[in-house]
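Asks: Just need the structure, nothing else, for what follows:
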Amino acid sequence: MIDQNDKPEYKKEIAEHSQGLRVGKELLRATLPFAKESRSKSWRLVFTVFALLLVSMVGAGIAPWPWLQLVFSLCSAMLMIRAFITFHDYMHGAILFNSSFAQCFFHIYGMLVLVPMQAWHKSHNYHHGHIGKVDTLGVGTFPIMTTKMWQAASKWQRFYYRLQRHPLTMFFGYLTIFGISFCLLPFLKNPVKHLDSLFSILLHSSVISILWYFGGVSTAFFVILLPMMLNCAFGSYLFFAQHNFKRMTIITPNAWNYYRAALKSSSYLKLNKLMQWVTGNIGYHHIHHLNVRIPFYRLPEAMEAIPELQSPVVTTLGLSEMSSCFKSCLWDEEAQRMVSYREAKN
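Replies: Coordinates of the predicted model:
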């Protein structure tokens, strides 16, 4: 039985279908030709970004002047973002699927950057299965409450909710999200299952300690600490902003499916060419959520070829857009839109 509240969503989908627009599984089938990688291209892109990252980190460590160390460090931060996208795509099976070497390589990489495979796989799969839903758990994502839930919540529940979604939580994502959420908490909850989370903390700390011991504070800072802090902060915000924006839609349980969630609760982040490269096209997020098997380098191709994917909700990295994202805190079921905490009190 269809809930009365779900009817507008179904009616809109039926109307789109009657206009010749593909929806649901039909739309997913249209993306399948793009969910095929070029193995040689995948390896080339992975090798290129990690080679550049290694050169940049070495430069940050041995450059003779602090300003040059800073330049290399900022380059490392940008390259870390792109390197992470290759890890992200590998974990989805979009690139280098069934490669033993890639499995070993990305396993080590994940532990080095505080994203152990076990914790990432569990939390990110949860994220893909719950995006566009009211979700107070926030496993692998940021929690979303309705205004009614907020009004009924205790002071502690409100504090914790605001803390999880606060800009400072994302700014210090190196510690709060990557160090604590991906590593410390999974290990404390299930030490046997998440032993790799402990190894990740130890390995990451060991690398910093070695650099500090042999190169001093500045070497450890410019090679690891600064680029990781910038990378984690930017990555945390991207993850937040692409599913928490003013024009997003929260879908009722009876109407929820992957296809609606991809197109209604995921944005297209419009970026310039440089930032598209740095972010590995993650801005095409509505397409990624529709079909996770599309390699990051084929997402623009899919959008260009499929008309139904060319009218997404667009967001940017502009200051006004960022402010709007942080003010979109709660889902108002009556108004059918995201609202601020202040609006929820009125």
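Asks: How about residue 224: what's its closest non-neighbour residue?
Replies: residue 208 (5.3 Å; C-beta to C-beta, 6 or more residues apart in numbering). No exception for glycine: its C-beta is placed from N, CA and C like everyone else's.
Asks: I meant to write residue 341 there.
Replies: residue 329 (5.3 Å).
Asks: Run a quick neighbour tally on the one you found.
Replies: Counted with other C-beta atoms under 10 Å, residues neighbouring residue 329 total 21.
Asks: Test my guess that it contacts residue 340.
Replies: Yes. In this structure residue 329 lies within contact range of residue 340 using C-beta atoms under 8 Å: 5.5 Å.
Asks: Contact partners for the residue most central in space within the chain?
Replies: What sits nearest the mean C-alpha location of the chain, by C-alpha atoms, centre = their mean, is residue 239, with 3.5 Å. Taking C-beta atoms under 8 Å, 6 or more residues apart in numbering, we find residue 239 in contact with 141-142.
Asks: what do you get for residue 341?
Replies: Contact analysis of residue 341 by C-beta under 8 Å, 6+ apart lists 150, 162, 329-330.
Asks: Try it again at 10 Å.
Replies: 147, 150, 158, 161-162, 327, 329-330 (C-beta atoms under 10 Å, 6 or more residues apart in numbering).
Asks: Could you do residue 112 as well?
Replies: 200, 203-204, 206-207, 224.
Asks: Reformat these into TSV and put distance to residue 108 and secondary structure next to each item.
Replies: Below are those laid out as TSV (distance: C-beta to C-beta, whole Å; DSSP: H, G, I helix; E, B strand; the rest coil):
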residue	distance to residue 108	secondary structure
200	10	helix
203	8	helix
204	12	helix
206	13	helix
207	12	helix
224	16	helix
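Asks: Check the burial of residue 211 by counting its neighbours.
Replies: 21.
Asks: Check which helix or strand it maps to.
Replies: Assessed by DSSP states H and E, residue 211 sits inside helix 195-215.
Asks: list the buried ones in that helix?
Replies: Neighbour counts using 16 or more other C-beta atoms under 10 Å place 196-198, 200-201, 203-204, 208, 211-212 of helix 195-215 among the buried residues.
Asks: would you list these in TSV and tack on pLDDT and distance to residue 172?
Replies: As requested, those are exported to TSV (pLDDT from 0 to 100; distance: C-beta to C-beta, whole Å):
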residue	pLDDT	distance to residue 172
196	93	23
197	95	19
198	95	21
200	97	18
201	97	16
203	97	21
204	98	16
208	98	16
211	97	21
212	97	20
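Asks: Could you dump those residues into JSON lines and include distance to residue 179?
Replies: JSON lines is the format used below for the buried residues of helix 195-215 (distance: C-beta to C-beta, whole Å):
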{"residue": "196", "distance to residue 179": "14"}
{"residue": "197", "distance to residue 179": "10"}
{"residue": "198", "distance to residue 179": "12"}
{"residue": "200", "distance to residue 179": "9"}
{"residue": "201", "distance to residue 179": "7"}
{"residue": "203", "distance to residue 179": "13"}
{"residue": "204", "distance to residue 179": "8"}
{"residue": "208", "distance to residue 179": "12"}
{"residue": "211", "distance to residue 179": "17"}
{"residue": "212", "distance to residue 179": "17"}
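Asks: what's the weakest-modelled helix or strand in the chain?
Replies: Lowest by mean pLDDT, DSSP states H and E among the helices and strands of the chain is helix 7-18, with a mean of 48.
Asks: pull the CA atoms of the helix holding residue 211 into PDB?
Replies: Taking C-alpha atoms only, helix 195-215 is exported to PDB below (Å, rounded to 0.1, in the frame of the first residue of the first chain):
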ATOM      1  CA  LEU A 195      42.000  -4.700  14.200                       C
ATOM      2  CA  ASP A 196      43.100  -3.000  11.000                       C
ATOM      3  CA  SER A 197      41.700   0.300  12.600                       C
ATOM      4  CA  LEU A 198      44.300   0.000  15.400                       C
ATOM      5  CA  PHE A 199      47.000  -0.800  12.900                       C
ATOM      6  CA  SER A 200      46.000   2.300  10.900                       C
ATOM      7  CA  ILE A 201      46.400   4.500  14.000                       C
ATOM      8  CA  LEU A 202      49.800   3.000  14.800                       C
ATOM      9  CA  LEU A 203      51.100   3.100  11.200                       C
ATOM     10  CA  HIS A 204      50.000   6.700  10.700                       C
ATOM     11  CA  SER A 205      51.400   7.800  14.000                       C
ATOM     12  CA  SER A 206      54.700   5.900  13.300                       C
ATOM     13  CA  VAL A 207      55.200   7.700  10.000                       C
ATOM     14  CA  ILE A 208      54.700  11.100  11.700                       C
ATOM     15  CA  SER A 209      57.100  10.100  14.600                       C
ATOM     16  CA  ILE A 210      59.800   8.900  12.200                       C
ATOM     17  CA  LEU A 211      59.600  12.200  10.200                       C
ATOM     18  CA  TRP A 212      59.600  14.200  13.400                       C
ATOM     19  CA  TYR A 213      62.600  12.300  14.800                       C
ATOM     20  CA  PHE A 214      64.800  12.500  11.700                       C
ATOM     21  CA  GLY A 215      63.600  15.700  10.100                       C
END
